[in-house]
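Visitor: Take this sequence and fold it.
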Amino acid sequence: MTSANGESNVTYLDNAATTFPKPEQVYQEQDRVARTCAANPGRGSHSLAYEASRLILSTRMVIAELFNIADCSRIAFTANATEAINLALFGLLQRGDRVVTTSMEHNAVARPLHALQQQGVEVIKVQADAQGQITLEQIQQACDRKPRLLVVNHCSNVTGTLQPIETIGPWCRRQGILFLVDAAQSAGIYPIDVQQMGIDLLAAPGHKSLFGPQGTGFLYVDPAIELKPLHYGGTGTYSSRLEQPQQMPEHLESGTLNTPALAALAEGIRFIQSEGLTRIRSHEQCLATRLRDGLVAMERVTLYKAEQSTLVSFTIDGCDPAEIGFSLDRHYQIAVRVGLHCAPDAHRTIGSFPQGTVRVSPGYFNTSEEIDRLLKAVAEIIARSDELS
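Guide: Okay, the predicted model is just below:
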């Protein structure tokens with residue numbers, strides 16, 4: 001794979017961390033806005049400020065369309081999914097509240113919950129099976145004592161396991177339990193409908209499968225929920241008052257937004273809408289299946305797999321994942337992710353703690369030839385290891 005300027009020879013297979021490359025229209029829009037319209041949205045009465053505000057509104061609207069959000073003002077922009085999750089958790093939970101989560105969560109959920117636990121919030125963790133799967137029945141049992149909130153990672157960044165949020169969310173709504181979904185690995189690949197799925201809070205990054213730039217993300221907040229802001233400050237509205245505005249999205253957005261990046265994020269989503277979620281997902285799943293099929297045939301390889309996943313985690317007996325990743329990068333110019341992937345509980349769940357795994361995450365712009373190149377490299381690494389043992 002080559003980058004947009006054609007200078008890179010790296011085969012990039014770390015799209016679960018951030019997608020690369022982006023669609024060309026994403027680069028073009030970010031550059032165009034940065035050069036021609038990087039004024040402060042909502043902070044002026046001149047034409048450039050109005051245009052910046054229009055671009056920001058346009059991005060809210062395409063996000064709302066993709067996730068079936070009825071009111072785009074309920075979308076608060078953040079720097080990433082981690083900030084969005086922190087905004088949801090610290091903005092909602094108080095001492096004495098109970099929250100249910102799972103053993104497959106990313107540290108973006110686990111660490112804020114740990115901090116809140118020290119402040120008197122009760123945290124109940126549902127243990128997933130060895131494939132990282134949880135069931136509605138487990139959630140129901142864990143919610144025997146009604147919690148205020150359920151937090152679920154829609155798609156695992158370690159195994160690609162999908163949790164059944166389409167049944168969990170409506171059940172939570174009937175029970176009066178708020179439902180927060182971490183869509184870091186699913187937004188832009190799998191269909192998400194906040195209304196049909198009963199999602200009250202949806203956190204997603206812009207830089208992963210939505211094809212936006214790094215430093216973008218959002219939190220959707222159901223109209224029935226009022227969160228305490230993480231940040232207070234200038235919003236461009238109600239400037240004569242010391243109190244933070246109550247209206248959304250200004251209630252949760254203080255300071256200047258990254259207009260060029262958010263405008264580019266809108267182009268990433270428009271690319272998804274043009275290509276179609278099904279086509280994007282099918283291509284990535286085909287590449288992942290090709291990789292799994294090739295790895296299964298190799299001795300000493302252990303797969304930590306979810307069927308139809310768009311990513312693959314594996315280990316090689318007797319080889320440190322970090323050494324495998326180093327060798328792939330240094331000798332083969334192949335970029336993958338190794339280690340615990342910021343999700344140690346997930347690795348404990350599937351049995352790959354503490355060494356972690358080698359994670360390969362093909363993207364929409366990868367090819368079958370690149371997967372074959374990786375398979376050949378892994379086979380050579382195993383052969384060299386056999387010679388040294």
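Visitor: which residues in the stretch 1-150 of the chain form strands?
Guide: Using DSSP state E, counting those that start in this stretch, the strands of the stretch 1-150 of the chain run over 11-12, 75-78, 98-102, 122-126, 149-153.
Visitor: Please work out which of the ones you listed is packed deepest.
Guide: strand 149-153 (a mean of 26; mean count of other CB atoms under 10 Å). (Glycine included, C-beta is placed from N, CA and C.)
Visitor: how many neighbours does residue 376 have?
Guide: By other CB atoms under 10 Å, the residues close to residue 376 number 12.
Visitor: could the strands of the stretch 1-150 of the chain go into CSV alongside distance to residue 282?
Guide: As requested, the strands of the stretch 1-150 of the chain are exported to CSV (distance: least, CB to CB, whole Å):
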stretch, distance to residue 282
strand 11-12, 20
strand 75-78, 28
strand 98-102, 27
strand 122-126, 30
strand 149-153, 23
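Visitor: Look up how far residue 152 lies from residue 184.
Guide: Separation of residue 184 from residue 152 (CB to CB, to the nearest Å): 12 Å.
Visitor: for residue 344, that is, sorry about that
Guide: 18 Å.
Visitor: go on, residue 232?
Guide: 29 Å.
Visitor: For the stretch 201-350 of the chain, which segments count as helices?
Guide: Counting by DSSP state H, counting those that start in this stretch, residue ranges of the helices within the stretch 201-350 of the chain are 259-275, 277-296, 321-332, 344-350.
Visitor: Can you lay out these as a markdown table showing mean neighbour count, distance to residue 70 and mean pLDDT?
Guide: Below are the helices of the stretch 201-350 of the chain laid out as a markdown table (neighbours: other CB atoms under 10 Å; distance: least, CB to CB, whole Å; pLDDT from 0 to 100):
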| stretch | mean neighbour count | distance to residue 70 | mean pLDDT |
| --- | --- | --- | --- |
| helix 259-275 | 22 | 17 | 98 |
| helix 277-296 | 17 | 20 | 97 |
| helix 321-332 | 16 | 44 | 96 |
| helix 344-350 | 22 | 33 | 94 |
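Visitor: Redo those as TSV? Include distance to residue 216.
Guide: Listed next are the helices of the stretch 201-350 of the chain as TSV, based on distance: least, CB to CB, whole Å:
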stretch	distance to residue 216
helix 259-275	5
helix 277-296	19
helix 321-332	27
helix 344-350	25
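Visitor: which residues sit in contact with residue 169?
Guide: Contacts for residue 169 (CB atoms under 8 Å, 6 or more residues apart in numbering) come out as 179, 181, 197, 198, 199.
Visitor: should've said residue 319
Guide: Per CB under 8 Å, 6+ apart, neighbours of residue 319: 300, 381, 382, 385.
Visitor: Can you flag which of these belong to helices?
Guide: In this view, the contacts of residue 319 that belong to helices under DSSP state H are 381, 382, 385.
Visitor: for these, which one is nearest residue 357?
Guide: When the ones in helices among the contacts of residue 319 are compared for distance to residue 357 (CB to CB), residue 381 wins out at 14.7 Å.
Visitor: What count of nearby residues applies to that closest one?
Guide: 18.
Visitor: ok, it - contacts?
Guide: Contacts for residue 381 (CB under 8 Å, 6+ apart) come out as 316, 319, 324, 327, 328.
Visitor: In JSON lines, list the strands of the stretch 1-150 of the chain along with mean pLDDT and distance to residue 370.
Guide: JSON lines is the format used below for these (pLDDT from 0 to 100; distance: least, CB to CB, whole Å):
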{"stretch": "strand 11-12", "mean pLDDT": "98", "distance to residue 370": "5"}
{"stretch": "strand 75-78", "mean pLDDT": "98", "distance to residue 370": "32"}
{"stretch": "strand 98-102", "mean pLDDT": "98", "distance to residue 370": "33"}
{"stretch": "strand 122-126", "mean pLDDT": "98", "distance to residue 370": "37"}
{"stretch": "strand 149-153", "mean pLDDT": "98", "distance to residue 370": "27"}
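Visitor: how about those strands, which one is nearest residue 218?
Guide: It is, among the strands of the stretch 1-150 of the chain and with distance given as CB to CB, strand 75-78, at 5.2 Å.
Visitor: centre of the chain versus that closest one, how much separation?
Guide: Put simply, strand 75-78 sits 14 Å off its chain's centre (CA atoms, centre = their mean, to the nearest Å).
Visitor: Which other helices and strands does it contact?
Guide: Contacting strand 75-78 under the criterion 3 or more CB pairs under 8 Å, 6 or more residues apart in numbering; DSSP states H and E are the following elements: helix 47-67, helix 81-92, strand 217-221.
Visitor: So what's the gap between the host helix or strand of residue 170 and the chain middle?
Guide: According to DSSP states H and E, residue 170 maps onto helix 165-175. Centroid separation between helix 165-175 and its chain, computed with CA atoms, centre = their mean, is 21 Å.
Visitor: partners of the following helix or strand past that helix in the sheet?
Guide: The helix or strand immediately downstream of helix 165-175 is strand 178-182, counting by DSSP H and E. Taking DSSP bridges as the criterion, strand 178-182 forms sheet pairs with strand 149-153 (parallel), strand 201-205 (parallel).
Visitor: got the angle for the first one vs helix 165-175?
Guide: Same thing as strand 149-153. 180 degrees (axes from the mean of the first three to the mean of the last three CA atoms, to 10 degrees).
Visitor: neighbouring contacts of strand 149-153?
Guide: 89, 92-93, 97, 99-102, 104-106, 109, 113, 134, 139, 143, 163, 165, 168, 172, 177-182, 184-185.
Visitor: at 7 Å instead, please
Guide: Under the criterion CB atoms under 7 Å, 6 or more residues apart in numbering, residues 92-93, 99-102, 104-106, 109, 139, 143, 163, 165, 168, 172, 177-182 lie in contact with strand 149-153.
Visitor: Please apply the same query to stretch 227-244.
Guide: 42-43, 86-88, 90-92, 221, 245, 250-255.
Visitor: Check stretch 87-98 too.
Guide: With CB under 7 Å, 6+ apart, stretch 87-98 has contacts from 76, 78, 99, 112-113, 116, 119-122, 124, 145, 147-149, 180, 201, 203, 219, 227-230, 252.
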